[in-house]
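**Student:** my questions are about this predicted structure, shown below with the sequence.
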Amino acid sequence: MVQLINGKKVANDLNLETKKRVIRLKKQDVTPGLAVVIVGDDPASQRYVRSKEKKAKELGIFSIKRALPESVTQSELVQIVKDLNHDDRINGILVQSPLPDHIDEEQIIATIDPKKDVDGFHPVNVGKLFLNLKGHYPVACTPKGIMTLLAKYKINLDGKNIVVVGRSSIVGKPMLALMLNADATVIDVHSHTDDISKYTKHADIVISAVGKYAILNDDDFKPGAVVIDVGQNMDENGKLAGDVAYKAKSDNIEFITPVPGGVGPMTIATLMQQTVDMCEWSKKIGK
């Protein structure tokens, strides 16, 4: 029987700890602050931003949203980010993707102060992650949340064979770096890889972040495999589903993150955790 990794419970526990940290900070007259910038009316982005606003409020984090029309210019958006860089109330800045085609997203990310880059996408922070430098810096929230899940379930990474499916800057590449830094042996496969299952069948842990329903199934894993499903897709019945189609009595999968209720809740919980981290780092409090 497949054992489900309960991301919802781990996220709830993480949020409770974050809330306690916020309370402690407020007793020192310090309030963590998060700014979210959203451009246009993409429904999925709007839902995600509302979830972030709601969670920040629940946890006592100061939150502001800059909702901008799709017609906003590159220079206007750059200036808004620069203003937030200099806003002492804000510890974390997040610019919601996707951005309109006329906006250079790389320039926008590079404009964010690396010390306020709560998504961990700034080239400075990505470089620090891949170099495994010591010190404090933000890491992409979904991969960082996955590492928290694996730690909570006491899944050993040292020397394990890991396959990351997908090479996005949001999940695949930072996940690769985190696993290397944890002393795992890592292979990244992607759309140009011939026969992905040739690799996944030999992996102790598979992390799939492709965004394609049922790209993997039970037969693509070896017995005892741990599967982290990051996919957010719709199945043939219009229900939310991941990248992996599996049977409850799989002969191969030992642990899996369900969709929904697996990795998803960890992303926002980690975003809130990291906002508080960055507040503490800026004030040289705590860690």
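**Tutor:** On my side now, so go ahead.
**Student:** so where do the strands sit in this structure?
**Tutor:** Listed in chain order, the strands found in the chain under DSSP state E are 3-4, 33-39, 62-68, 92-95, 161-165, 185-189, 205-208, 216-217, 225-229, 233-234, 240-241, 244-245, 253-256.
**Student:** show me the residue sitting in the middle of this structure in space.
**Tutor:** By CA atoms, centre = their mean, the chain has its centre lying nearest to residue 142, at 1.6 Å.
**Student:** residues contacting it?
**Tutor:** Contacts here follow CB atoms under 8 Å, 6 or more residues apart in numbering; on that basis residue 142 touches 170, 171, 209, 230, 263, 266, 267, 270. Yep, even glycine has a C-beta here, placed from its N, CA and C like the rest.
**Student:** max pairwise distance over the residues you listed: which two?
**Tutor:** 209 and 270 (15.0 Å; CB to CB).
**Student:** of the two, which one has the most company?
**Tutor:** A count of neighbours by other CB atoms under 10 Å puts residue 270 above the other of residue 209 and residue 270, at 28 against 24.
**Student:** so what's the residue count around residue 261?
**Tutor:** Neighbours of residue 261 (other CB under 10 Å): 16.
**Student:** nope, residue 219 is what I meant
**Tutor:** Using other CB under 10 Å: residue 219 sits among 12 other residues.
**Student:** give me the nearest residue to residue 111, chain neighbours excluded.
**Tutor:** In space, and not counting its chain neighbours, residue 111 is closest to residue 81: 4.6 Å by CB to CB, 6 or more residues apart in numbering.
**Student:** do the same with residue 215
**Tutor:** Nearest to residue 215 is residue 243, by CB to CB, 6+ apart, at 5.0 Å.
**Student:** so what's residue 145 up against?
**Tutor:** Contact criterion CB under 8 Å, 6+ apart gives 7, 11, 263, 266, 267, 269, 270 as the residues in contact with residue 145.
**Student:** one step back: looking at neighbours, which among the contacts of residue 142 is most surrounded?
**Tutor:** Within the contacts of residue 142, most neighbours by other CB under 10 Å means residue 230, with 30 neighbours.
**Student:** quick one, phi/psi of that residue?
**Tutor:** The phi and psi torsions at residue 230 (degrees, to the nearest 10) take the values phi -100, psi -10.
**Student:** these two touch, right, it and residue 172?
**Tutor:** No - assessed by CB atoms under 8 Å, residue 230 is found out of contact with residue 172, at 9.1 Å.
**Student:** joint contacts of the two?
**Tutor:** Common neighbours of residue 230 and residue 172 (CB under 8 Å, 6+ apart) are 166, 209.
**Student:** so what's residue 275 up against?
**Tutor:** Residues in contact with residue 275 (CB under 8 Å, 6+ apart) are 32, 33, 34, 56, 61, 91, 92, 118.
**Student:** nearest to residue 137 among the contacts of residue 145?
**Tutor:** Among these, and counting by CB to CB, the member closest to residue 137 is residue 270, at 14.4 Å.
**Student:** need the pLDDT of that closest one.
**Tutor:** Residue 270 carries a pLDDT value of 98.
**Student:** again, but for residue 238
**Tutor:** Residue 238 carries a pLDDT value of 87.
**Student:** pull the number of nearby residues for it.
**Tutor:** Count around residue 238 with other CB under 10 Å applied: 7.
**Student:** so who does residue 214 touch?
**Tutor:** 235, 241, 243, 244, 245.
**Student:** now do residue 228
**Tutor:** Applying CB under 8 Å, 6+ apart, the residues contacting residue 228 are 5, 146, 149, 150, 205, 206, 207, 208, 256, 257, 262, 263.
**Student:** what sits closest to the first one if chain neighbours are left out?
**Tutor:** I take that to be residue 5. Using CB to CB, 6+ apart, the closest residue to residue 5 is residue 257 (4.6 Å).
**Student:** same check, this time on the fourth one
**Tutor:** Residue nearest to residue 150 in three dimensions, not counting chain neighbours: residue 157, with 6.7 Å by CB to CB, 6+ apart.
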